[in-house]
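[1] Got a sequence here, can you model it:
(2 chains)
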Amino acid sequence: MSELYKLSIKEKLKGLTDKTFSSLDLTSSYFERIKEFDSTLNSYITLTKDLALEKAKESDQRYNSNENLPLDGVPIAHKDIFCTKDTLTTCGSKMLNNFVPPYSSTVVEKLDQAGLIMLGKTNMDEFAMGSSNETSFYGGVKNPWNKECVPGGSSGGSAACVAAGLASSATATDTGGSIRQPAALCGLTGIKPTYGRVSRYGMIAFASSLDQGGVLSKSSEDAAYILNYMSGKDSKDSTCLDVEVPNFLNSLEDKLDGTKIGIPKQFLSRNLPNYIEKNMEETKRELEKLGAEFYEVDLPNVELSLPIYYILAPAECSANLSRYDGVKFGYRCENPLNLDDLYLRTREEGFGDEVKRRILIGTYALSAGFYDAYYLKAQKCRKLVANDFKEAFKKVDLIFSPTTPDVAFRSGEKLDDPLEMYLQDIFTIPANLAGLPAISFPSGFHNELPIGMQLISNKLDESKLLNSCHQFQKITDFHKKWPSL
Amino acid sequence: MTISDKELEQIAYLARIGIDKSSFPGLKEKLSDILEMVNELNKIDTDEVSPMSHPLDISQPLRPDQVTEGNQRAALQKHSPLTKAGLFLVPKVIDKED
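    Model (predicted):
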């Protein structure tokens, strides 16, 4: 039973139903692997072993009495941005080093009700701000494919733990690429659903008009299983869409014949390494074999995405993070002289450098005299990018690009150069601005490091994304590879 | 686009983030680089464009005004750094009159 982690979710559910193994066996096997490998990888901040083993026993009882839940007994990890009642939730920050939420996020509650078993909370860039998982208060995470490299971020812990077989799948969030970029760097399938598909209640806010929860999995099929139970209306989040959630598993086997895929000419003109360009071409050919047709599309304003994002996201973050004031919860500095000193030192000591930089940029963009020139201007440009996609989706069903400009980079390489780090998200940010769903999937390797490609669809068409990736994964085996730890 | 010491001081105070003077030069450089990058947008004509504050074209839904969770003061204050008699404590904000 040493290799249970290699089973897909479908195979795990079959094994549990057939009683080939129990949920206690499965859950324990993950904790054995975590014990063996995570001291090096650092993918988890908190482990919830006692709770998980107890839940696994309950799950086994449900299987014994044929009252099992849809995903009963399958172990999952949650990004430490999702509030978990009575379990430490840090968001990767010293500011929340002692925060034990009195409630759970809707995502965690829904997945709990579907029978999934939480193994623990995963490491992440502080308040989800970063593309390398190096801004975490709890230390960097190593990429399982090459431990000298970063796993990407901000959902770096979630990506590393799934890639290393330390969880079946993991929840994650994506504000500018934080699901898709680590998926690409760790060789996983990661989907950011349509803005509003998944509830943000209890998901610690970074930039509220961009944040969206999703999932990191080994395969598109595994992701479909999880997304089925994460999605849907939530009266606790007024931006969560009241629309029917299709069963994403039902459309996985649809043929891709006649699917129109656009490649933005603006993305082609980027100076990409030749192995990424070559991989794009190979991936395109595989999709053509499956019946897809490729066209060039024009997104004339898409190049503005990075500057738009670095006004809007910091502006929204400066407002959202004003709640961390050392009064009601979280970190408080020692011996404050007065109230101002309490605020100033609590936030100076509680936040890391990248978070402070973004709060300062956001405060600047929103301050009197600059609001129109920065914030309003960026909102107008955001509309232009969204309109570009609207036009493009009149002609094609999907848009194709690399997920990242390169494979995983070395730890420390970009930490001192924020602008260089921000370029990691050049292909992923546009979908966040337009609120569109997008998926990253493994498409090859360079120097034994995974390469990921991205598909973006029109709003609420996650089925098509998961379907296309699943079809691609039926004729390729990149998603079936495991790193040697 | 460069930020002056005075501007950085003002923004930092608005954001209530204490910053050590010694880190001013490095921070100013990084913030100025970011502002230079975002200033690209000034080249774009947006006179006829309406701002997009949100990705969804929907109106805010309403739900029945019902109490779903009762008073949880004790549970919520458990996470506060300092409370007394059900109140959050902060340093004194009103000076004594001499």
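[2] Figure out the helix or strand that residue A:107 lives in.
    Assigned by DSSP states H and E, residue A:107 falls within helix A:106-113.
[3] Sort out which residues of that helix are buried, please.
    A:106, A:107, A:108, A:109, A:110, A:111, A:112 (16 or more other C-beta atoms under 10 Å in any protein chain shown). The way it works is simple: take the backbone N, C-alpha and C, and place the C-beta from them, glycine included.
[4] Check stretch A:239-250 too.
    A:239, A:240, A:241, A:245, A:248, A:249.
[5] I'd like those laid out as a markdown table, including secondary structure, distance to residue A:19 and pLDDT.
    Shown next, in a markdown table, are those (DSSP: H, G, I helix; E, B strand; the rest coil; distance: C-beta to C-beta, whole Å; pLDDT from 0 to 100):
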| residue | secondary structure | distance to residue A:19 | pLDDT |
| --- | --- | --- | --- |
| A:239 | coil | 43 | 93 |
| A:240 | coil | 38 | 94 |
| A:241 | coil | 39 | 93 |
| A:245 | coil | 31 | 97 |
| A:248 | coil | 27 | 98 |
| A:249 | coil | 23 | 98 |
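[6] which of those residues sit farthest apart?
    Using C-beta to C-beta, the buried residues of stretch A:239-250 span at most 26.2 Å, a distance reached by A:239 and A:249.
[7] Only the buried residues of stretch A:295-304, if you could.
    A:297, A:299, A:301, A:302, A:303, A:304.
[8] so where's the longest helix in chain B?
    Counting residues, the longest helix in chain B under DSSP state H turns out to be helix B:24-38.
[9] hey, C-alpha coordinates of the helix or strand just after that helix in PDB?
    Counting by DSSP H and E, the next helix or strand C-terminal to helix B:24-38 is helix B:73-77. This file holds the C-alpha atoms of helix B:73-77, laid out as PDB (Å, rounded to 0.1, in the frame of the first residue of the first chain):
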ATOM      1  CA  ARG B  73     -18.600  38.200  21.800                       C
ATOM      2  CA  ALA B  74     -16.700  35.900  24.100                       C
ATOM      3  CA  ALA B  75     -15.700  33.600  21.200                       C
ATOM      4  CA  LEU B  76     -14.600  36.500  19.000                       C
ATOM      5  CA  GLN B  77     -12.800  38.400  21.700                       C
END
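[10] Contacts only, for the residue in the stretch 51-200 of chain A that chain B sits nearest to.
    The stretch 51-200 of chain A approaches chain B most closely through residue A:195 (4.4 Å), counting by C-beta to the nearest C-beta. Counting by C-beta atoms under 8 Å, 6 or more residues apart in numbering or on different chains, residue A:195 touches A:209, A:210, A:212, A:239, A:432, A:435, A:436, B:55, B:56.
[11] Can you classify the residue nearest to residue A:5 when sequence neighbours are not counted by secondary structure?
    Nearest non-adjacent residue to residue A:5, counting by C-beta to C-beta, 6 or more residues apart in numbering or on different chains: residue A:165, 3.7 Å away. Three-state assignment for residue A:165 (DSSP: H, G, I helix; E, B strand; the rest coil): coil.
[12] which residues does the residue of the stretch 301-450 of chain A found nearest chain B contact?
    Closest approach between the stretch 301-450 of chain A and chain B, counting by C-beta to the nearest C-beta: residue A:435, at 2.5 Å. Applying C-beta under 8 Å, 6+ apart, we find residue A:435 in contact with A:194, A:195, A:196, A:386, A:459, B:55, B:56.
[13] Residue A:476 too?
    Taking C-beta under 8 Å, 6+ apart as the test, what residue A:476 contacts is A:286, A:443.
[14] Please tell me how far it sits from chain B.
    Distance from residue A:476 to chain B, counting by C-beta to the nearest C-beta, to the nearest Å: 32 Å.
[15] Could you check which helix or strand contains residue A:20?
    Residue A:20 belongs to no helix or strand when elements are defined using DSSP H and E.
[16] How about it, nearest residue that isn't a chain neighbour?
    Closest to residue A:20 by C-beta to C-beta, 6+ apart is residue A:14, at 7.8 Å.
[17] go on, residue A:147?
    In space, residue A:147 is closest to residue A:40, 6.5 Å off (C-beta to C-beta, 6+ apart).
[18] Confirm the one you found sits in a helix?
    Yes. Using three-state DSSP, the assignment for residue A:40 is a helix.
[19] okay, it: pLDDT?
    pLDDT, residue A:40: 97.
[20] who touches it in this structure?
    Contacts of residue A:40 (C-beta under 8 Å, 6+ apart): A:142, A:147, A:485.
[21] As TSV, the residues you listed with distance to residue A:340 and secondary structure would be great.
    Below are the contacts of residue A:40 laid out as TSV (distance: C-beta to C-beta, whole Å; DSSP: H, G, I helix; E, B strand; the rest coil):
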residue	distance to residue A:340	secondary structure
A:142	41	coil
A:147	44	coil
A:485	49	coil
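[22] returning to what we had before: can you read off the pLDDT for the residue nearest to residue A:20?
    So residue A:14 comes in at 98 (pLDDT).
[23] didn't residue A:429 look like it was pressed against residue A:305?
    Yes. Counting by C-beta atoms under 8 Å, residue A:305 is a contact partner of residue A:429 at 4.6 Å.
[24] Neighbour count: the two, which is higher?
    residue A:305 (26 against 23; other C-beta atoms under 10 Å in any protein chain shown).
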